[in-house]
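> generate coordinates for the sequence data below:
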Amino acid sequence: MPSEHQLDGVTGIPDGVTRDDVLAAISDLEQGGTSHRFRDSTGYDLLYRGKRFPPKAVLGIAARRITGRILEPNEFSGGEDSKCFAVIRGLDFEIVPKVSRGNVPELPASPTGSIWLENTKSVQHGGAGWEFGTCLWSPSKASDGRDWYNTMREPHKGDLVLHSMDATLTGFSYVRAQYREVQQEPPEPGQWAGMAPYYRIDLEGYQSFPQQITLSEIRIRFENDIREEIQSTKPTRYPFALEASGKINQSQNYINRCTKRLFGLIRSQLGISGDADSGNATPTYPDPVRPVQLRRTPPHFWAISLGEGGRLWNKCQEEGICAIGWDDVGDLRQFADQAAIFNALSGQRGPNTPAPHNDSRACFEFVHKMHKGDYVVAKIGRSKLLGVGTIESDYNYDPTRSEYHHIRRVKWLRAVNLELPEDAWVPTKTLTDATDYQAFVSFVTENLLELPDPPAKTVEAPPFTIADALSGLFMPKSEFESIIAATRHKKNVILQGAPGVGKTFVARRIAYAILEQKDTSRVGMVQFHQSYAYEDFVQGYRPKEGGGFHRRDGLFYDFCNRARTDLGRPYVFIIDEINRGNLSKVFGELMMLIESDKRGSEYAIPLTYADVQDPQGWRALWVE
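Residues are numbered from 1 along each chain as shown. Next comes the predicted model:
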């Protein structure tokens, strides 16, 4: 008898994929939290809220809820007449031909018609059939009958439309036909429900910009030009407004007129050469490929993985840098945009490896989107924080380094070992602009940046000498010093003796003598027993409230991370009753890593419970 979700014998697509499944897949692709083997689409894109996604990748990920796994690219086909496209379109998503230089022109230097700028929000664009980038729409009249939307009657066929969503310029299109008045209400009309009839302007040829820029970047960089144009020409329906105080703010109009001069400034910020024919001089910039780095207010927050499992955290602290890999592509400044980086990375990969969507984005953002003064937060996976710092330099390429040649100078402000609450988790990918992750930013600000008031008096751990250790200890000084020397040299020592002779007592004094302070915060301790296991000591899955399981770090793993946040001072870990535990069962990889000549990040290895399908999410372990 076939299973409940019988796979299609030709395509491998299961029945029962829902619109929510597709939306979840689109979200995964946007956030970069899912590893897959799909490459970028060749002929068509799924267009959703002005962004383009590979249709096969979307459906392959969407099927995960039914099949329990992501489909492989060779399990089903795509294309105009495929079941893949039929399923997606049947769920009210739009699939459009892929834009290329062969079928849609580049952003022109001198548009022949008028230029319009759409200013909308991601939650306000109408739903299926009324998607961002496919049409402009509005009520034909305000609720009180006034003609507030008269500008919608002005765009003509062939006019250029620049698209801004959530105050970010994402792409451009052309007016396919002048407005028409329709009685049909959009599927998701939002606050304009029940206001029929509506104006609708159909668009064609939507094309994403090679990189997105915010209207704030335009306002800040070209403030003097914008102010001068407003004062001299007094343009109507302009994207920016000059307040009485002299401050320039963004207009709240849905449809704005973009002057030829402002269009030239936008092209400059996008890094597109050639001036718009405006009759006014447009500033020229010697390096259009790399937009000027702006000091943003407030700064952005970047979450970064410094090597697998954070293995480069210590080095980055010591050198005052943050760094990313992909060394084989060379200096990232040689590439004009993210697409060029994507092509370079793709050329280095085999046929069955995931397409480098997230990798190319990380490289591009590391060069062009990070700014001096931004915060950078070192993390492991999606939930563990190692530290926070501020960026102090532009991008630099240093091929003399043994690895991770792409660097920025960072002033590390604080080292920690904190777990994020689940609602503040960030994607596992290498680099994420986490500025809009409100729970993450709040947690970092409250726990790493806004330090509590110091106590009235800081209590320093008292010094601890060999003489202090020998006080009340019936052991010759020479023997005690030889144990200290052996521990410092071999990194490990076992104290053997009959029960009750004081081995644990001696071990603590050895630890304090090595630290040269009676600092209990730098001494960890555990007692083994027959039921003690790797999952308790290093890492494993444990039940969580509300049902299910979650991966939890063990006592020794946490101790190692705590030591890594305090470079320059020794830490000592004591195991009591070590003979009572099953050492191979408890130690696992540690049987090698605790050897004195196997210490350091160069010997880091993935943990037993690492997610091997997602290398960026590996939790690696090493011992210093």
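> in the stretch 351-500 of the chain, which spans are helices?
Secondary structure of the stretch 351-500 of the chain (DSSP state H, counting those that start in this stretch): helices at 357-368, 438-444, 466-470, 477-490.
> list of residues touching the last one?
So that's helix 477-490. 466, 469, 470, 473, 493, 495, 510, 513, 514, 596 (Cβ atoms under 8 Å, 6 or more residues apart in numbering). For every residue, glycine as well, the C-beta is placed using N, CA and C.
> buried subset of those, written for ChimeraX?
This is how ChimeraX selects the buried members of the contacts of helix 477-490, with burial counted by 16 or more other Cβ atoms under 10 Å:
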select :469,470,510,513,514
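> and of the contacts of helix 477-490, the nearest to residue 110?
Among those, residue 596 lies closest to residue 110 (Cβ to Cβ), at 70.1 Å.
> from what I see, the closest one and residue 491 are in contact.
Yes - counting by Cβ atoms under 8 Å, residue 596 touches residue 491, with 4.3 Å between them.
> buried deepest among the helices of the stretch 351-500 of the chain, which one?
helix 357-368 (a mean of 22; mean count of other Cβ atoms under 10 Å).
> elements contacting that one?
Judged by 3 or more Cβ pairs under 8 Å, 6 or more residues apart in numbering; DSSP states H and E, the packing partners of helix 357-368 are strand 321-324, helix 338-346, strand 406-419, strand 431-433.
> re the thing from before, any chance of the helices of the stretch 351-500 of the chain in a markdown table, with mean pLDDT and distance to residue 56 too?
Shown next, in a markdown table, are the helices of the stretch 351-500 of the chain (pLDDT from 0 to 100; distance: least, Cβ to Cβ, whole Å):
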| stretch | mean pLDDT | distance to residue 56 |
| --- | --- | --- |
| helix 357-368 | 89 | 13 |
| helix 438-444 | 87 | 31 |
| helix 466-470 | 89 | 67 |
| helix 477-490 | 89 | 56 |
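> now render the ones you listed as CSV, adding distance to residue 79.
CSV is the format used below for the helices of the stretch 351-500 of the chain (distance: least, Cβ to Cβ, whole Å):
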stretch, distance to residue 79
helix 357-368, 21
helix 438-444, 39
helix 466-470, 76
helix 477-490, 64
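> where do the helices of the stretch 1-150 of the chain begin and end?
Under the criterion DSSP H, counting those that start in this stretch, helices of the stretch 1-150 of the chain are mapped to 19-31, 55-62, 64-67, 83-90.
> okay if I get these as a markdown table plus mean pLDDT, distance to residue 183 and mean neighbour count?
Converted to a markdown table, the helices of the stretch 1-150 of the chain look like this (pLDDT from 0 to 100; distance: least, Cβ to Cβ, whole Å; neighbours: other Cβ atoms under 10 Å):
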| stretch | mean pLDDT | distance to residue 183 | mean neighbour count |
| --- | --- | --- | --- |
| helix 19-31 | 84 | 25 | 17 |
| helix 55-62 | 92 | 32 | 26 |
| helix 64-67 | 85 | 37 | 17 |
| helix 83-90 | 90 | 24 | 18 |
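> show me the contacts for residue 51.
Contacts for residue 51 (Cβ under 8 Å, 6+ apart) come out as 30, 170, 208.
> again, only using 10 Å
Residues in contact with residue 51, defined by Cβ atoms under 10 Å, 6 or more residues apart in numbering, are 26, 29-30, 45, 122, 131-133, 165, 170-171, 208, 212.
> check contacts around residue 338.
Counting by Cβ under 10 Å, 6+ apart, residue 338 makes contact with 210, 211, 212, 357, 360, 361, 362, 363, 364, 365, 367, 368.
> per-residue confidence at residue 275?
pLDDT recorded at residue 275 is 45.
> could you do residue 105 as well?
pLDDT for residue 105: 47.
> check the one 10 residues further on too.
The confidence metric pLDDT takes the value 95 at residue 115.
> state the distance from the nearest residue to it once chain neighbours are set aside to residue 82.
Nearest residue to residue 115, sequence neighbours excluded (Cβ to Cβ, 6 or more residues apart in numbering): residue 258, at 4.1 Å. Distance of residue 258 to residue 82, given as Cβ to Cβ, to the nearest Å: 39 Å.
> repeat for residue 19
Residue 19 is 19 Å from residue 82, by Cβ to Cβ.
> for residue 573, give me its contacts.
Residue 573 sits next to 492, 511, 522-526, 555-556, 559-560, 563, 594, 623 when contact means Cβ under 10 Å, 6+ apart.
> also residue 443?
Contacts of residue 443 by Cβ under 10 Å, 6+ apart are 377, 385, 418, 420, 421, 423, 424, 437.
> ok, the third one touching residue 440?
No - taking contacts as Cβ atoms under 10 Å, residue 418 lies outside contact range of residue 440: 11.8 Å.
> which residues do those two both contact?
Residues touching both residue 418 and residue 440 (Cβ under 10 Å, 6+ apart) are 379, 385.
> returning to what we had before: count of neighbours near the residue nearest to residue 115?
Neighbours of residue 258 under the rule other Cβ atoms under 10 Å: 21.
> for residue 304, give me phi and psi.
For residue 304, the backbone dihedrals (degrees, to the nearest 10) come out as phi -130, psi 140.
> who does it form a beta bridge with?
residue 378, residue 431 (DSSP bridges).
> against residue 470, how distant is it?
Taking Cβ to Cβ, one finds residue 304 at 47 Å from residue 470.
> with residue 381 instead?
45 Å.
> then residue 229?
Residue 229 sits at a distance of 82 Å from residue 470 (criterion: Cβ to Cβ).
> just residue 325 next, same as before
Distance, residue 325 to residue 470, using Cβ to Cβ: 50 Å.
> again with residue 441
52 Å.
> partner strands of the strand ranked longest in the chain, with direction?
As assigned by DSSP state E, the longest strand anywhere in the chain is strand 198-214. Applying DSSP bridges, strand 198-214 is found paired with strand 135-139 (antiparallel), strand 168-175 (antiparallel), strand 180-182 (antiparallel).
> in CSV: these, plus mean pLDDT, mean neighbour count and distance to residue 78.
Formatted as CSV, the strands paired with strand 198-214 follow (pLDDT from 0 to 100; neighbours: other Cβ atoms under 10 Å; distance: least, Cβ to Cβ, whole Å):
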stretch, mean pLDDT, mean neighbour count, distance to residue 78
strand 135-139, 93, 21, 25
strand 168-175, 88, 22, 23
strand 180-182, 94, 12, 32
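> can I get these in TSV including distance to residue 574?
Converted to TSV, these look like this (distance: least, Cβ to Cβ, whole Å):
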stretch	distance to residue 574
strand 135-139	69
strand 168-175	54
strand 180-182	76
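> between those, which one is closest to residue 311.
Between the strands paired with strand 198-214, strand 168-175 lies closest to residue 311; by Cβ to Cβ that is 34.4 Å.
> for residue 527, which non-adjacent residue is spatially closest?
residue 576 (4.2 Å).
> can you report how many residues neighbour the nearest residue to residue 422 once chain neighbours are set aside?
Once flanking residues are discounted, residue 422 sits nearest to residue 383: 7.6 Å by Cβ to Cβ, 6+ apart. Close neighbours of residue 383, defined as other Cβ under 10 Å, add up to 18.
> quick one: contacts for residue 383?
418, 419, 420, 421, 422, 424, 425, 426, 428, 550, 551, 553.
> please tell me how far the closest residue to the last one other than its chain neighbours sits from residue 603.
Pointing back at residue 553 there. Nearest residue to residue 553, sequence neighbours excluded (Cβ to Cβ, 6+ apart): residue 539, at 5.3 Å. From residue 539 over to residue 603 the distance is 17 Å, taken as Cβ to Cβ.
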